[in-house]
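Colleague: with the input below, show me the fold.
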Amino acid sequence: MIDSPLRVLAVTAALLAFSPLSAAVQGQDLGLPVGSKPRGTVVHTLDGKAVDLSRYIGKTPVLIEFWATWCSNCRELMPTLTAAEKKFGDRVKFVVLAVAINQSPERVRKYMAAHPQKHETLFDTEGRAAAEFDAPATSYVVILDRAGRVVYTGLGGKQDLEKGLARAL
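Modeller: Numbering: from 1, shown residues only. Down below sits the predicted model:
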């Protein structure tokens, strides 16, 4: 039996969340290869409207994080993400993709209301973006340059997003 992208992501996220290796797995260790060009895929706003990620890819540098409300690595990464967005937000599009594992758009909306963020938060309803971006787990970050090429991938709560963003500019 072939596992769905969401099931693979869920199992990997669970294993990494409790692994001592989770903080050490960073920068090009997992996910899309540097230099590759992912295609856009359709995700949804938190109120259900379709959004094609290709509207961002190849137009401006983009940082995409695969995220969940229950992800401890994502919470650990949030101050780094917020600082990077403050520094680079006028030159880079920041998108957080909530994965559809043990959460719903309503749960994400409530979380975002309690913890407002500047970046756009979308919902990967069917796991298509996780599959297209080869997301191994939550807290996975992909940074694309303005040509749509991968310049950085990282996983875990401790990532050097500034270094990755500098490569994208």
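
Colleague: tell me which residue is most central in this structure.
Modeller: Geometric centre of the chain, nearest residue: residue 65, 1.6 Å, by Cα atoms, centre = their mean.

Colleague: parallel or antiparallel, list what pairs with the host helix or strand of that one.
Modeller: Element membership of residue 65 [criterion: DSSP states H and E] is strand 62-67. Paired strands of strand 62-67, with direction, are strand 93-99 (parallel), strand 140-144 (antiparallel) (DSSP bridges).

Colleague: a markdown table for these, including distance to residue 158?
Modeller: C-betas here are computed from N, CA, C, even on glycine. Shown next, in a markdown table, are these (distance: least, Cβ to Cβ, whole Å):
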| stretch | distance to residue 158 |
| --- | --- |
| strand 93-99 | 18 |
| strand 140-144 | 11 |
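
Colleague: and these, which is most packed in?
Modeller: Highest mean neighbour count of the strands paired with strand 62-67: strand 140-144, a mean of 27 (counted as mean count of other Cβ atoms under 10 Å).

Colleague: and for that strand, what's in contact with it?
Modeller: 30-32, 38, 57-58, 61-66, 77, 133, 150-155, 159, 161, 164-165, 167-168 (Cβ atoms under 8 Å, 6 or more residues apart in numbering).

Colleague: again, 6 Å this time
Modeller: 31, 62-66, 133, 150-155, 159, 164, 168 (Cβ atoms under 6 Å, 6 or more residues apart in numbering).

Colleague: likewise for stretch 117-132?
Modeller: By Cβ under 6 Å, 6+ apart, stretch 117-132 touches 5-6, 9, 38, 41, 43-44, 46, 51, 85, 94-100, 105, 112.

Colleague: if we go to 7 Å?
Modeller: 4-6, 9, 38-39, 41-46, 51, 53, 66, 85, 89, 94-100, 105, 108, 112 (Cβ atoms under 7 Å, 6 or more residues apart in numbering).
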